[in-house]
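**Q** Here is my input; please provide its structure:
(one chain, ligands or ions: 2)
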Amino acid sequence: MERIMDHLAHERSKAQFSVEEMKIIWAGSLHAFQVSDRIARLVASDPGFRKDNRAVLSRKELFKSALRKAAYVWKRINELALSEEEASWLRFYVDELAYAYIHWGMFVPAIKGSATEEQQQKWLPLANNMQIIGTYAQTELGHGSNVRGLETTATFDQETDEFIIHSPTLTSSKWWPGGLGKVATHAVVYARLITDGQDYGVHGFLVQIRSLDDHFPLPGVTVGDIGMKFGSGAFNSIDNGFLRFNHVRIPRNQMLMKVSRVTRQGKYVESNVPKQLLYGAMVYVRQIIVADASIALSRAVCIATRYSAVRRQFGPPHEDENGKGVETQVIDYKTQQSRLFPLLASAYAFRFVGEWLKWLYTDLIQKLEANDFSTLPEAHACTAGLKSLTTSAAADGIKECWKLCGGHGYLSSSGLPELYAAFVPACTYEGDNIVLLLQVSRFLMKTISQLQTGKKPIGTTAYMAHVEHLIQCRCTVQKAEDWLNPSVILEAFEARAIRLSVACAENLTKFATPLQGFSELSPDLVEAAVAHCQLIVVSKFIEKLQQNIEGNGVKQQLETLCNIYCLNLIHKHLGDFLSTGSISPKQASLASDQLRSRYSKLRSNVIALVDAFNYTDHFLGSVLGRYDGNVYPKLYEEAWKDPLNDSIVPDGYHEYIQPLLKQQLQNARL
Ligand SMILES: CCCCCCCC/C=C\CCCCCCCCCCC/C=C/C(=O)SCCNC(=O)CCNC(=O)[C@H](O)C(C)(C)COP(=O)(O)OP(=O)(O)OC[C@H]1O[C@@H](n2cnc3c(N)ncnc32)[C@H](O)[C@@H]1OP(=O)(O)O
Ligand SMILES: Cc1cc2nc3c(=O)[nH]c(=O)nc-3n(C[C@H](O)[C@H](O)[C@H](O)COP(=O)(O)OP(=O)(O)OC[C@H]3O[C@@H](n4cnc5c(N)ncnc54)[C@H](O)[C@@H]3O)c2cc1C
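**A** Ligands and ions are numbered 1, 2, ... in the order given. So this is what the prediction gives:
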């Protein structure tokens with residue numbers, strides 16, 4: 001036991017940089033680090049936030065436990081008079097999916113984004129004080145991705161000045177909204193607005209669904225939970241629900257009227273803001289999900305890295321720091337490094353691109369407030385594309401981390417199965433990842449077509465202004481070290497991205513209609529979108545390194561991580577880089593050489609690099625990822641806690657095992 005604890009300490013002593021300074025870089029600022037660190041410790045030390053028994057709870061127990069915690073979170077927020085920032089950190093570190101995620105993450109933002117000032121003044125105080133609990137009811141049984149295909153209707157009745165909300169078909173039942181099944185009192189419901197006999201498409205409406213007195217559904221409302229979801233724990237603590245309306249009436253002023261409104265006379269009036277603002281809550285949440293992807297991936301990487309340093313298998317006998325003969329740490333196998341280190345680099349890359357995306361979103365909101373809508377298309381493309389890219393990579397990465405931990409990774413106590421089960425739906429919710437990439441490709445094709453009109457591409461598409469150069473340029477790498485030059489890397493990624501996009505644009509012209517072309521070429525369009533999004537991540541990582549980065553050795557570690565992130569992408573997408581002529585086969589081979597050398601350079605720092613995430617053992621929730629590396633005794637201890645071990649002889653022995661054994665014995669005697 002002692003040896004293992006010493007072992008991680010020895011790993012930490014090998015670090016070539018200041019972990020404390022890296023913690024600040026990871027958190028985003030000294031202030032963010034201090035607040036998050038304080039709240040993380042507060043949560044970890046409070047028995048009310050225990051979560052180590054989640055995997056063995058039944059659905060009902062799990063749900064009730066999540067309700068208890070959500071109420072306790074609210075109590076602590078008020079008792080400690082936490083600021084909004086501190087309250088968000090508290091919810092984050094409690095790490096229990098509950099209705100509050102949807103209430104704060106979607107219901108409140110939908111009101112802020114789509115309601116008029118007057119409506120906000122009425123509803124936001126109620127929501128902010130949790131006098132009402134809200135959900136975001138968009139998806140239906142029959143349609144999720146195709147929002148325009150939603151079937152729920154909101155028909156204006158001029159006589160009573162009300163909307164009648166109705167579910168005309170089974171497929172129009174709302175299906176999936178979180179917190180809807182058993183908790184929410186109100187919902188932002190997306191429905192087709194019909195007035196004067198005309199259908200004006202999907203709009204948002206604020207609808208009360210349960211009584212604030214006895215919590216029963218209001219007349220005309222049928223509501224319930226959609227059932228168990230994948231994995232133990234994970235999303236089963238939350239009540240994703242179904243909802244049907246039978247001619248439910250709401251006052252006219254509960255239509256969210258920032259984008260358009262219906263007058264007392266039933267006239268439909270559009271305002272001067274783009275109708276896409278109706279989807280504003282999705283843009284908001286998608287940028288949060290990118291930050292969440294870096295968190296989820298970094299958790300898994302932290303667990304797999306620490307465990308890989310503790311675990312020993314095979315190998316020529318080595319001497320450890322105390323001169324004892326020991327087997328090889330699995331982290332020293334090159335295959336383990338080539339699977340794990342790119343994931344560590346991705347966690348950092350996603351953290352930085354998430355930080356940038358948060359800035360882009362804040363900038364968008366400021367512009368929208370000044371009636372400047374010019375950056376909305378780019379913000380939509382970036383949030384959609386990066387949400388897709390980072391969640392797909394993080395979900396795959398978490399699964400890889402579990403395999404990197406061998407058999408023990410499959411145990412609930414490793415924390416990895418639940419982390420995977422809780423995170424993998426991020427590839428679907430807030431927009432299916434393929435559908436979102438198709439949105440990006442649509443944006444790219446539009447940008448390319450506008451190049452011919454002389455319109456200058458801006459922001460993340462600014463590189464497209466150099467299309468002529470990027471289409472014919474040749475990569476200058478001649479030796480492996482050349483791959484350490486950020487401008488060489490950037491140009492290779494830009495060339496690959498634009499060449500894939502231009503090829504799609506050219507191929508699209510060969511079809512009878514754009515629609516047909518888009519459909520036939522959609523796999524290619526998705527690849528072009530991925531290339532563009534990877535370029536954004538790469539360029540934001542490189543930009544981060546150009547900032548003033550303090551701390552002994554910190555910048556050097558980030559440079560190594562950036563190199564690994566980029567070179568590994570080249571390695572994984574070699575087909576793209578070679579087929580577009582962005583690099584040559586010889587240069588690809590040099591990139592692989594450089595990648596291997598970066599792994600060796602990173603090796604002695606990896607434990608410190610995961611320590612820099614500053615995760616408490618409570619938050620990690622993993623025996624394999626414990627800070628002290630004391631894995632085996634704790635695994636044994638955890639095993640004893642399983643309810644099956646409550647009794648020596650299992651329940652069921654007398655009914656099913658003993659008679660069987662006796663029968664065999666009798667048969668043998670006959
Ligand atoms: C120390 C570390 C610190 C780290 C900090 C920690 C922070 C981390 C944090 C937190 C933890 C919290 C984690 C959060 C986790 C969340 C918990 C779980 C919540 C899950 C909740 C899930 C909710 C949902 O899923 S809600 C339902 C979502 N549904 C969808 O997304 C549907 C997807 N479909 C669509 O969006 C659309 O239908 C469509 C866009 C795909 C197609 O629609 P259509 O009308 O056909 O549109 P189209 O013709 O293609 O486009 C018309 C034009 O509009 C543009 N456009 C489309 N969408 C948008 C938009 N959203 N915004 C702006 N513009 C848009 C489109 O580009 C077209 O433009 P054009 O110019 O005409 O081409
Ligand atoms: C855990 C979880 C929580 C959720 N929470 C909420 C919530 O709070 N509120 C809410 O309203 N919704 C919620 N949802 C619903 C979610 O937003 C939808 O499931 C999501 O938008 C995907 O839509 P879909 O299910 O209709 O998938 P579909 O669109 O039916 O996708 C099925 C397959 O078809 C493919 N596909 C679909 N369209 C195209 C296309 N045009 N081109 C190519 N391929 C296509 C997809 O790639 C996918 O492979 C939640 C979902 C989950 C899993």
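**Q** tell me which parts of this protein are close to ligand 1?
**A** Residues of the chain found near ligand 1 (Cβ under 6 Å from any ligand atom) are 26-27, 36, 92, 101-102, 105-106, 136, 138-139, 145-148, 178, 276, 279, 282-283, 288-289, 291-292, 295, 376-377, 380, 429-431, 435, 439, 442, 446. C-beta: built from backbone N, CA, C; applies to glycine.
**Q** Near ligand 2, list only the ones from these.
**A** By Cβ under 6 Å from any ligand atom, the members of these lying near ligand 2 are 102, 136, 138, 139, 145, 178, 429, 431, 435.
**Q** hang on, the earlier thing: report the buried members of the residues of the chain next to ligand 1.
**A** 26-27, 36, 92, 101-102, 105-106, 136, 138-139, 147, 178, 279, 282-283, 288-289, 291-292, 295, 376-377, 380, 429-431, 439, 442 (16 or more other Cβ atoms under 10 Å).
**Q** Which ones among these map onto strands?
**A** Counting by DSSP state E, those place residue 136 in strands.
**Q** so where is the protein shaky, pLDDT-wise?
**A** For the chain, the stretches with pLDDT under 70 are 1-7, 670.
**Q** where along it do the strands fall?
**A** Taking DSSP E as the test, the strands found in the chain are 134-137, 153-157, 162-166, 174-175, 186-195, 198-208, 221-225, 241-245, 248-251, 260-262, 268-270, 318-319, 325-326.
**Q** Tell me which other helices or strands the third one touches.
**A** What that stands for is strand 162-166. strand 153-157, strand 186-195, strand 198-208, strand 248-251 (3 or more Cβ pairs under 8 Å, 6 or more residues apart in numbering; DSSP states H and E).
**Q** Give me the number of neighbouring residues for the residue of the chain found nearest ligand 2.
**A** Relative to ligand 2, the nearest point of the chain is residue 144 (2.3 Å; Cβ to the nearest ligand atom). When neighbours are counted by other Cβ atoms under 10 Å, residue 144 registers 18.
**Q** Could you pull up phi and psi at it?
**A** The phi/psi pair for residue 144 (degrees, to the nearest 10) reads phi -130, psi -60.
**Q** which ones are touching it?
**A** Residue 144 sits next to 176, 432 when contact means Cβ atoms under 8 Å, 6 or more residues apart in numbering.
**Q** try it again with 10 Å
**A** Contact partners of residue 144, counting by Cβ atoms under 10 Å, 6 or more residues apart in numbering, are 138, 150, 175, 176, 428, 429, 431, 432, 435.
**Q** Can you name the residues that contact the nearest residue to the last one once chain neighbours are set aside?
**A** Read it as residue 435. Nearest non-adjacent residue to residue 435, counting by Cβ to Cβ, 6 or more residues apart in numbering: residue 145, 4.6 Å away. Counting by Cβ under 10 Å, 6+ apart, residue 145 makes contact with 139, 428, 431, 432, 434, 435, 436, 438.
**Q** Same question for residue 75.
**A** residue 48.
**Q** one step back: which of the buried ones among the residues of the chain next to ligand 1 fall within helices?
**A** Among these, DSSP state H puts 26-27, 36, 92, 101-102, 282-283, 288-289, 291-292, 295, 376-377, 380, 439, 442 in helices.
**Q** Next, count neighbours for residue 570.
**A** Residue 570 has 25 neighbouring residues, counting by other Cβ under 10 Å.
**Q** gap between it and residue 669?
**A** 71 Å (Cβ to Cβ, to the nearest Å).
**Q** Can you name the residues of the stretch 51-200 of the chain sitting close to ligand 2?
**A** 102, 136, 137, 138, 139, 144, 145, 176, 177, 178.
**Q** Most widely separated two among the residues you listed?
**A** Among these, the pair separated by the greatest distance (Cβ to Cβ) is 102 and 145, at 19.0 Å.
**Q** and the gap between the closest residue to residue 557 other than its chain neighbours and residue 556?
**A** Nearest residue to residue 557 in three dimensions, chain neighbours excluded: residue 17, at 4.9 Å (Cβ to Cβ, 6+ apart). Applying Cβ to Cβ, the value for residue 17 to residue 556 is 7 Å.
**Q** got it, and residue 468?
**A** Distance of residue 468 to residue 556, computed by Cβ to Cβ: 36 Å.
**Q** Could you do residue 589 as well?
**A** Distance from residue 589 to residue 556, counting by Cβ to Cβ: 26 Å.
**Q** again, but for residue 225
**A** 51 Å.
**Q** re earlier: and residue 468 and residue 556? Which one has more around it.
**A** residue 556 (14 against 9).
**Q** what sits against that one?
**A** Shown in contact with residue 556 (Cβ under 10 Å, 6+ apart): 16, 17, 549, 601, 605.
**Q** ok, residue 104 - how many residues close by?
**A** By other Cβ under 10 Å, 18 other residues sit near residue 104.
**Q** Just give the nearest non-adjacent residue to it, would you?
**A** Leaving aside its chain neighbours, residue 104 sits nearest to residue 91 (7.3 Å; criterion: Cβ to Cβ, 6+ apart).
**Q** Neighbours of residue 58, how many?
**A** Per other Cβ under 10 Å, the neighbour tally for residue 58 reads 9.
**Q** separation between residue 653 and residue 659?
**A** The spacing between residue 653 and residue 659, counted by Cβ to Cβ, is 10 Å.
**Q** Any residues of the stretch 351-500 of the chain in contact with ligand 2? List them.
**A** So the stretch 351-500 of the chain meets ligand 2 at 425, 428, 429, 431, 432, 434, 435, 438 (Cβ under 6 Å from any ligand atom).
**Q** any idea how far the residue of the chain closest to ligand 2 lies from residue 135?
**A** Distance of residue 144 to residue 135, given as Cβ to Cβ: 15 Å.
**Q** How about residue 609?
**A** Here residue 609 is placed at a distance of 39 Å from residue 135 (Cβ to Cβ).
**Q** The two: which is more packed in?
**A** In this view residue 609 and residue 135 are compared by other Cβ under 10 Å, and residue 135 has more residues nearby, 30 against 27.
**Q** need the contact list for the residue lying closest to that one once chain neighbours are set aside.
**A** Among residues not flanking residue 135 along the chain, residue 184 sits closest, at 4.0 Å (Cβ to Cβ, 6+ apart). Residues in contact with residue 184 (Cβ under 10 Å, 6+ apart) are 99, 102-103, 107, 132-137, 177-178, 208-210, 223, 239, 241, 243.
**Q** make it 8 Å
**A** Applying Cβ under 8 Å, 6+ apart to residue 184 gives the contacts 99, 102, 103, 107, 133, 134, 135, 177, 209, 210, 241.
**Q** Over to residue 139?
**A** 174, 175, 176, 177.
**Q** Include distance to residue 370 when you put those into JSON lines, please.
**A** JSON lines is the format used below for the contacts of residue 139 (distance: Cβ to Cβ, whole Å):
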{"residue": "174", "distance to residue 370": "35"}
{"residue": "175", "distance to residue 370": "38"}
{"residue": "176", "distance to residue 370": "35"}
{"residue": "177", "distance to residue 370": "33"}
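**Q** just those now: which is nearest residue 316?
**A** Checking those against residue 316 with Cβ to Cβ, the nearest one is residue 176 at 54.1 Å.
**Q** Assess the claim that that closest one and residue 240 are in contact.
**A** Yes: counting by Cβ atoms under 8 Å, residue 176 does reach residue 240; the two are 5.3 Å apart.
**Q** can you list residues touching both of these two?
**A** residue 226.
**Q** Compute the number of surrounding residues for residue 301.
**A** 30.
**Q** tell me the contacts of it?
**A** For residue 301, the contacting residues are 340, 343, 344, 347, 397, 401, 610, by Cβ under 8 Å, 6+ apart.
**Q** Serialize the residues you listed to TSV and add fields for neighbour count.
**A** Below are the contacts of residue 301 laid out as TSV (neighbours: other Cβ atoms under 10 Å):
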residue	neighbour count
340	23
343	25
344	25
347	28
397	29
401	29
610	25
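**Q** now for those, which pair is the farthest apart?
**A** Most distant of those, by Cβ to Cβ, are 397 and 610, 13.5 Å apart.
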